[in-house]
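1. could you look at this predicted model? Sequence included:
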Amino acid sequence: MTDTPDAARIRAVLDEFTAAIRNRDAAAAVAIYTDDAVAYGLAPPLSIEGQQVRDPARIQTWFDTWASPIESKPHGLTIRVGGDIAYAFGLRHMTGTKTDGEEIDLWFRSTVCLVRQGSSWKIAHAHDSVPFAMDGTGRALLDLKP
C-alpha cells in the first residue's frame, strides 16, 4: 500500500508508541490514546477503559518488571484510512529481559483503531491477543512464530 499523508501520520504515531514501549516511557505510551479509549491487552483485566488507559502508573507497573528495553516491533503492518477513522493491524514481536532474568520472545496479534482529532491521530481502541489451543486445554499458544 502506498503511504497516503494520513497513513504516514498514523505510522508515525505507531512508531512513537513503539519507541515509548522500548524506552519504558509511560507518559509517552499513554499520550497517544483518546480520552475515551478502550484497550484489550494481553494481561488482565479483559477491558481497560478511559482514564485507566491513559494512566501512566498502570503501564509503569508493567515497565518496572523489565530489566532491558522492551522491543515490540510491528511486522506486516497494514493501515486503512476512511475519513476521520482508521485502523491498523499486523503482528508484533516483543523481546527483552525481565527483572527475574526471564528472556521474552513473543509474537502476538495487534489491531488499533484511530480517530482524527484536529490535525493528529489518536488511538481509540487497541486489541492485542495470542491464539489459544482449541484442544480443550484453553492454553495460550505463546511459542508461535510467523
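-> Arrived safely, thanks for sending.
2. and the helix or strand harbouring Leu114, what's buried?
-> Assigned by DSSP states H and E, Leu114 belongs to strand 103-117. For strand 103-117, a neighbour-count test (16 or more other CB atoms under 10 Å) marks 106-108, 110, 112-116 as buried. Heads up, the C-betas are built off the backbone N, CA and C, glycines and all.
3. would you list the residues you listed in a markdown table and tack on pLDDT?
-> Below are the buried residues of strand 103-117 laid out as a markdown table (pLDDT from 0 to 100):
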| residue | pLDDT |
| --- | --- |
| Leu106 | 97 |
| Trp107 | 98 |
| Phe108 | 98 |
| Ser110 | 98 |
| Val112 | 98 |
| Cys113 | 98 |
| Leu114 | 98 |
| Val115 | 98 |
| Arg116 | 97 |
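4. and which of those residues is nearest Gly136?
-> Phe108 (22.5 Å; CB to CB).
5. surely that closest one touches Met94?
-> Yes: with contact defined as CB atoms under 8 Å, Phe108 reaches Met94; the gap is 7.0 Å.
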